[in-house]
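# Below is the sequence, then the predicted model.
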Amino acid sequence: MLPLAPVIRCADCHQQHKPRRTGRRWLGESKGFCNSTSSACSESGTNSQFIQSSFCLCYSPCTSCGVKENWTSAVCFLLVFRLSLRAHHSHRPTAHGVRSTKAIPQEAYAGYWTDEPGWHTELEIRNNLRAAPIEVTPVLRLSDGTEISLSPQNIEANSAVMVDVSAELEARSPASAGRSGTFGSVVFRYTASNSTSVFAAAMVERTGAPIKYHFDAFPYTSEFTSTSVESIWWLPKPSSTNVLVVANMTDKPIAAKVSITNSKGKPVALSDGLAPRQTKRFIVRELVQSGKLDGTEGGVSVTFDKPVGINDVQVSHFVYDETNGSTTALTNPTNCARNSLPTNKCGSTYPLPDTGHQRQDHPS
């Protein structure tokens, strides 16, 4: 049962009265009207307007002088508030977007880091929670899949920290610090009810040069799968370096075929599979020369024998030129499908986040 409307005082005749009502409702189902007359208010002899989409002003003729008097109705507020909540919930994503009320282990993956001579990596970790701290443990994976856990980071609400990978490696794994071949992927582990509680990225830069890339971390998702990743390679100048990185984020082997072609379609096969947690890196110029490909551009393809999670394999691809400091990050469109709707091809350039799901192939 709706509460009665408040008694108001007319601004013209100063008489107290209640707005007239002839129907069952002061306001009916909102149809998103703005600065226009509501059919429900019209039926009951009142008009209404949305004010900043949070409450409405209704007015009704004064019973004494006939002048329309504005009044803010608690009924209007309650109804619009209820309708706004209904609209909010009706637009909330389902399946992968449902928020869990229980805190569970979460993982997010960044596709590349390196601590080789001439390169430096920092990890950026941000707590997106507005009122609670969170603990995040970054874990470096070497190219062979070996994991090196770094210091846990206690991050205050709505704050961020930077982690120096070189300093952490010196303390945690001195044999790996500053060596050639020291590269791989990163896992960020934390406990939260929603995977988007944390944003993380690996910031990789060339020491002493204006060359820097960020590799954003994406959480595990069971909603979308991928059958291939496509890109292009590009060597605009003889001094350009094109780097292709393919990382397996899971604890299982993945049958992935990596190949490049020139602009005429001549192929060169690079790899037939990825071991658990393995990261493979390719210098495209070397592949072009060994495969005797002509031209300065071509295609890159990573295909899977069977569908894998869209974030299970991360492909990172970038070009830089140390002679002029130019950098280019090449996007990697993914041929993906939504599990609940197999015919719905998402065709996203970037991996899509997931909420409230935990990896099944990693022990909690």
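Structure received.
# Can you give the strand pairings for the longest strand seen in the chain, parallel or anti for each?
As assigned by DSSP state E, the longest strand anywhere in the chain is strand 297-309. Take DSSP bridges as the rule and strand 297-309 pairs in its sheet with strand 224-234 (antiparallel), strand 256-262 (antiparallel).
# tell me the average confidence for the last one?
In this model, strand 256-262 has a mean pLDDT of 92.
# again with the longest one
What strand 224-234 shows for mean pLDDT is 88.
# Next SSE downstream of that strand?
Following strand 224-234 in sequence order, the next helix or strand is strand 240-248 (DSSP states H and E).
# for the stretch 151-300 of the chain, what spans make up the strands?
153-155, 160-164, 183-192, 198-206, 212-216, 218-219, 224-234, 240-248, 256-262, 267-271, 279-283, 297-309 (DSSP state E, counting those that start in this stretch).
# Out of those, flag the one nearest residue 114.
Nearest to residue 114 among the strands of the stretch 151-300 of the chain is strand 183-192 (3.8 Å), distances taken as Cβ to Cβ. Every residue, glycine included, has its C-beta placed from N, CA and C.
# Can you tell me how far the nearest residue to residue 303 once chain neighbours are set aside is from residue 305?
Leaving aside its chain neighbours, residue 303 sits nearest to residue 228 (4.4 Å; criterion: Cβ to Cβ, 6 or more residues apart in numbering). Using Cβ to Cβ, to the nearest Å, residue 228 is found at 11 Å from residue 305.
# give the contact list for residue 113.
Contacts for residue 113 (Cβ atoms under 8 Å, 6 or more residues apart in numbering) come out as 121, 123, 140, 165, 183, 184, 185, 186, 202, 204, 215.
# Export those as JSON lines, with columns for pLDDT.
Formatted as JSON lines, these follow (pLDDT from 0 to 100):
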{"residue": "121", "pLDDT": "97"}
{"residue": "123", "pLDDT": "98"}
{"residue": "140", "pLDDT": "98"}
{"residue": "165", "pLDDT": "97"}
{"residue": "183", "pLDDT": "97"}
{"residue": "184", "pLDDT": "97"}
{"residue": "185", "pLDDT": "97"}
{"residue": "186", "pLDDT": "97"}
{"residue": "202", "pLDDT": "97"}
{"residue": "204", "pLDDT": "96"}
{"residue": "215", "pLDDT": "94"}
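# Restricted to buried residues, select these in ChimeraX.
In ChimeraX syntax, the buried subset of these is picked out as below (16 or more other Cβ atoms under 10 Å):
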select :121,123,140,165,183,184,185,186,202,204,215
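# For the longest strand of the chain, what does the pLDDT average out to?
pLDDT averaged over strand 297-309 gives 90.
# now the angle between strand 240-248 and the next helix or strand after that strand, please.
Reading on from strand 297-309 to the C-terminus, the next helix or strand found by DSSP H and E is strand 313-321. Going by axes from the mean of the first three to the mean of the last three Cα atoms, to 10 degrees, strand 313-321 is angled at 170 degrees with respect to strand 240-248.
# Packing partners of strand 313-321?
strand 104-114, strand 224-234, strand 240-248, strand 297-309, strand 326-329 (3 or more Cβ pairs under 8 Å, 6 or more residues apart in numbering; DSSP states H and E).
# so which of these comes closest to residue 130?
strand 104-114 (17.8 Å).
# What average pLDDT does that closest one get?
For strand 104-114, the per-residue pLDDT averages 95.
# Buried residues, that strand. List them.
In strand 104-114, counting by 16+ other Cβ under 10 Å, buried: 106, 107, 108, 109, 110, 111, 112, 113, 114.
# cool, stretch 244-262 as well?
In stretch 244-262, counting by 16+ other Cβ under 10 Å, buried: 244-250, 254, 256, 258-262.
# export those to JSON lines and tack on distance to residue 329?
Output for the buried residues of stretch 244-262, formatted as JSON lines (distance: Cβ to Cβ, whole Å):
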{"residue": "244", "distance to residue 329": "12"}
{"residue": "245", "distance to residue 329": "12"}
{"residue": "246", "distance to residue 329": "16"}
{"residue": "247", "distance to residue 329": "16"}
{"residue": "248", "distance to residue 329": "21"}
{"residue": "249", "distance to residue 329": "19"}
{"residue": "250", "distance to residue 329": "24"}
{"residue": "254", "distance to residue 329": "24"}
{"residue": "256", "distance to residue 329": "21"}
{"residue": "258", "distance to residue 329": "19"}
{"residue": "259", "distance to residue 329": "21"}
{"residue": "260", "distance to residue 329": "18"}
{"residue": "261", "distance to residue 329": "21"}
{"residue": "262", "distance to residue 329": "22"}
